[in-house]
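Asker: here's my sequence, what's the structure:
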Amino acid sequence: MKKYLAVLIALLFATGAFAQEAEKKAAEFKYSFFGIAYGVMGAQDKEEYDYSHVRVRPMFTIGNENVKGVVRFEIDQDYGETSDSTGADKGTDNQVVEVKWAYMQVKDMLVQNLNFTMGLNAYYFPMVVDNDFAMTQAAYDFGMGKAIFTYMKIDEFNVTENTDADVNQRDDAQVYAFDLPVKAGAINVRPGFMYISSSQDSSTGFDLDLDDVADITVSKAKLYNAALNVNGDFGVVGVDLTGAYLWGTVNQSGEEIDVAAYAYDALVTIKPVEGISLGLFATYTSGQDDGDEVAAYDLVMDTFMGACDGRLFLVEAGGVAADGGHTQHDFTDTAAGLAIYGLSVEAAFGKATILAQYGYASIADDTYMGDSFIGHEIDFGASYEVAPATSLFCQFGYIVAGDIYEDDAYEFAYGLKTSI
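Answerer: Just a heads-up that it's a prediction; the model follows:
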């Protein structure tokens with residue numbers, strides 16, 4: 001009997017030790033979900049549009065103490081659209097599942113506080129880029145900030161760059177980015193630098209139609225972008241400032257020309273009482289200079305990297321279009337640049353939030369279109385929390401036509417949004 005007890009006790013200890021070891025090494029599984037579904041209707045003079053859209057992003061993360069893997073899918077469809085890649089027709093069995101993120105990350109790789117990431121992931125810098133890329137990233141945490149180096153591949157058409165017959169097949173496009181976010185008390189400072197290299201035959205080439213010159217093809221490029229973002233929350237007052245400058249050369253229809261463009265964005269928020277926020281904002285992207293046909297900041301950055309949208313619902317695609325909608329009145333990628341000045345008021349009352357904003361919109365350079373004033377945009381938005389992190393919302397945007405628009409335009413959207 002004693003032998004059986006001894007064996008049983010030994011098995012219990014062994015099982016307990018194994019369980020502790022298994023628990024220690026067990027991978028941790030997490031998941032999250034973003035979803036939005038909405039309807040939109042709008043009009044300008046005799047033109048009218050009406051559609052509904054759904055976009056969901058489930059994300060899964062699995063990892064242990066030092067390694068994690070992340071996969072994020074996206075499903076976005078227009079209601080009733082018959083396309084296999086964009087629509088939800090009857091039966092709703094179209095092939096619309098996309099892989100947004102799929103990456104591996106190692107913490108403390110080789111040295112303490114060095115994180116290494118490879119795969120498909122997002123990259124964001126205010127006013128410069130907001131997109132997903134195939135990338136490799138190394139980030140070193142030095143306490144008050146991080147030093148981050150990111151390599152992003154834009155185009156890879158042929159892995160053989162030079163053939164046995166000595167034929168040059170270099171048609172790649174890639175980006176090397178370095179940014180240094182630092183926190184100093186209530187202030188966050190983030191300088192960033194980016195080098196964009198595009199070979200002659202890369203698909204990052206795009207067509208411009210400027211002045212009387214039609215379909216100017218820009219392909220080979222060596223571009224540099226320096227930017228600085230500073231933001232801080234000082235209780236009653238908050239600031240968010242960004243400036244960026246782009247320069248370099250592009251090959252335009254066989255001729256190499258210089259590129260120079262800049263952009264800035266400024267937001268000052270004031271919170272006079274609890275739940276009320278007043279905002280003053282200004283956004284500017286330089287337009288085409290006389291004799292310089294590739295100087296529009298937004299156009300170049302949007303083509304190569306995917307530039308950020310703005311605040312105004314219509315002119316800057318800051319409404320539901322930011323979550324997959326159609327951009328009927330978007331001016332953020334015009335070659336003439338964009339200038340926005342405005343103010344906003346946001347108020348929160350329990351589960352309800354109300355937003356009102358006004359923007360004076362014009363293009364930066366009237367030599368492109370002959371006129372510069374787009375119009376006055378007035379936006380209203382409201383949401384009500386029906387469950388944790390879930391709200392019903394509505395948006396209304398109205399453009400009082402200026403010189404470029406002959407008629408006023410409006411858009412109304414309503415829907416359900418969640419993030420769990």
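
Asker: enumerate every residue touching V40.
Answerer: V40 is in contact with 49-53, 320, 325-326, 411-413, counting by C-beta atoms under 8 Å, 6 or more residues apart in numbering. Using the backbone N, CA and C atoms, a C-beta is placed for each residue, glycine as well.

Asker: what about it, helix or strand, and which?
Answerer: strand 28-44 (DSSP states H and E).

Asker: going through the contacts of V40, which ones are buried?
Answerer: Applying a neighbour-count criterion of 16 or more other C-beta atoms under 10 Å, the buried members of those are 52-53, 320, 325-326, 411-413.

Asker: nearest to N251, of the residues you listed?
Answerer: H326 (32.7 Å; C-beta to C-beta).

Asker: quick one: that closest one and G42 touch, right?
Answerer: No. Counting by C-beta atoms under 8 Å, H326 does not reach G42; the two are 9.3 Å apart.

Asker: overlap in contacts of these two?
Answerer: Contacts common to H326 and G42, judged by C-beta under 8 Å, 6+ apart, are Y49.

Asker: return the set of buried residues in stretch 334-341.
Answerer: 334-340.

Asker: what is the rounded mean pLDDT of it?
Answerer: Along stretch 334-341, the predicted confidence averages to a pLDDT of 86.

Asker: please apply the same query to stretch 395-406.
Answerer: Averaging pLDDT along stretch 395-406 gives 92.

Asker: ditto for stretch 144-156
Answerer: Rounded mean pLDDT across stretch 144-156 is 92.

Asker: about what we covered before: quick check: neighbours of the strand holding V40 in the sheet, parallel or antiparallel?
Answerer: With DSSP bridges as the test, strand 28-44 is paired with strand 47-63 (antiparallel), strand 409-419 (antiparallel).

Asker: so which bits of stretch 122-129 are buried?
Answerer: 123, 125-129.

Asker: of those, closest to I378?
Answerer: Nearest to I378, judged by C-beta to C-beta, of those is M127 at 23.9 Å.

Asker: and the pLDDT for the nearest residue to that closest one once chain neighbours are set aside?
Answerer: Once flanking residues are discounted, M127 sits nearest to T242: 4.6 Å by C-beta to C-beta, 6 or more residues apart in numbering. For T242, the model assigns a pLDDT of 97.

Asker: number of residues surrounding G275?
Answerer: 11 (other C-beta atoms under 10 Å).

Asker: and the closest residue to it other than its chain neighbours, how many neighbours?
Answerer: Distances taken as C-beta to C-beta, 6+ apart put A348 closest to G275, at 4.5 Å, once the chain neighbours are dropped. Residues near A348, counting by other C-beta under 10 Å, number 15.

Asker: per-residue pLDDT, A348?
Answerer: A348 carries a pLDDT score of 95 in this model.

Asker: could you say which helix or strand holds it?
Answerer: Per DSSP H and E, A348 falls inside strand 338-349.

Asker: average model confidence for the helix or strand just after that strand?
Answerer: On the C-terminal side of strand 338-349, the nearest following helix or strand under DSSP H and E is strand 352-362. Per-residue pLDDT values over strand 352-362 give a mean of 97.

Asker: how near is I378 to T92?
Answerer: Distance from I378 to T92, counting by C-beta to C-beta, to the nearest Å: 37 Å.

Asker: so between these two, which is more surrounded?
Answerer: More crowded of I378 and T92, by other C-beta under 10 Å: I378, with 19 against 11.

Asker: name the element the more buried one belongs to?
Answerer: strand 373-387.

Asker: tell me which residues of that strand are tucked away?
Answerer: By neighbour count on 16+ other C-beta under 10 Å, the buried set for strand 373-387 is 373-379, 381-383.

Asker: which residues touch the nearest residue to L114 once chain neighbours are set aside?
Answerer: Nearest residue to L114 in three dimensions, chain neighbours excluded: Y140, at 5.1 Å (C-beta to C-beta, 6+ apart). Each residue near Y140 by C-beta under 8 Å, 6+ apart is listed here: 113-115, 146-148.

Asker: most neighbours among the residues you listed, which one?
Answerer: I148 (20 neighbours).

Asker: okay, it and G69: tell me how far apart.
Answerer: 20 Å.

Asker: most tightly packed of the strands paired with strand 28-44?
Answerer: strand 409-419 (a mean of 18; mean count of other C-beta atoms under 10 Å).
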